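Undergrad: Fold the following.
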Amino acid sequence: MLTTLGVINAHVDVEAQDGRYFGVWQGKKHDVIGWLADHKNQLWRDCNSVQQLSNASPAAKQVLALIADHSPPDSRNARLVSLLQQGDWLLAELAFAQLNPAVVVLQAVPEGMRLPERAVWSGSTAPWQPGPRIRQHLVLQVPQVPAALLACYDPVTPGLR
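TA: Residues are numbered from 1 along each chain as shown. Next up, the predicted model:
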């Protein structure tokens, strides 16, 4: 028992970063709290009211057109990785040739699509677990987005990790 505790003590550490504690082993930080939050979310979320839209859908075309105009010229080659919809709210994960991957929240309005201010996550979440970190950021930026839409989002692009 003492040998096991000694090995753990020698190879496992806890480090604080930006108000969160991370387990550190073999020199790499692991977001244990985020991992638990992600699994709790997967267990308890209800995605019955959330739709996965096709990349060929009219909504997908509107999203890509809006993103293309958001930060040209690099945003013009956006590729839709996933698109979720709940009511008039959409959540899109996008990949780019020159830009970091992004997750955006959009709202369908009579004129087309609207990108609320600050409704974007872009870049890596490391060392945080990507799902909980992105969901938390987006709900803080756009509090009116439906909770189920965020809960049903699981990051796909490896660049977000």
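Undergrad: Identify each of the strands in the protein and give its residue range.
TA: 12-17, 20-25, 28-30, 51-52, 79-86, 89-95, 102-109, 112-114, 120-122 (DSSP state E).
Undergrad: Which elements pack onto the shortest one?
TA: Looking back up the chat, that one is strand 51-52. Contact here means 3 or more C-beta pairs under 8 Å, 6 or more residues apart in numbering; DSSP states H and E; on that basis strand 51-52 packs against strand 79-86. Placement of C-beta: from N, CA and C, glycine included.
Undergrad: So which bits of the strand it packs on are buried?
TA: Using 16 or more other C-beta atoms under 10 Å as the burial criterion, the residues of strand 79-86 that qualify are 80-86.
Undergrad: one step back: and the strands of the chain: which comes nearest residue 66?
TA: strand 112-114 (4.7 Å; C-beta to C-beta).
Undergrad: Show me the strands paired with that closest one, marking each as parallel or antiparallel.
TA: Strands that pair with strand 112-114, judged by DSSP bridges, come out as strand 102-109 (antiparallel).
Undergrad: send the alpha carbons of the partner strand over as PDB?
TA: C-alpha atoms of strand 102-109 as PDB (Å, rounded to 0.1, in the frame of the first residue of the first chain):
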ATOM      1  CA  ALA A 102     -14.900  27.400 -34.500                       C
ATOM      2  CA  VAL A 103     -18.200  26.700 -32.800                       C
ATOM      3  CA  VAL A 104     -20.900  29.400 -33.400                       C
ATOM      4  CA  VAL A 105     -24.400  29.900 -32.100                       C
ATOM      5  CA  LEU A 106     -26.800  31.400 -34.700                       C
ATOM      6  CA  GLN A 107     -30.500  32.400 -34.600                       C
ATOM      7  CA  ALA A 108     -32.900  32.100 -37.600                       C
ATOM      8  CA  VAL A 109     -34.700  35.300 -38.100                       C
END
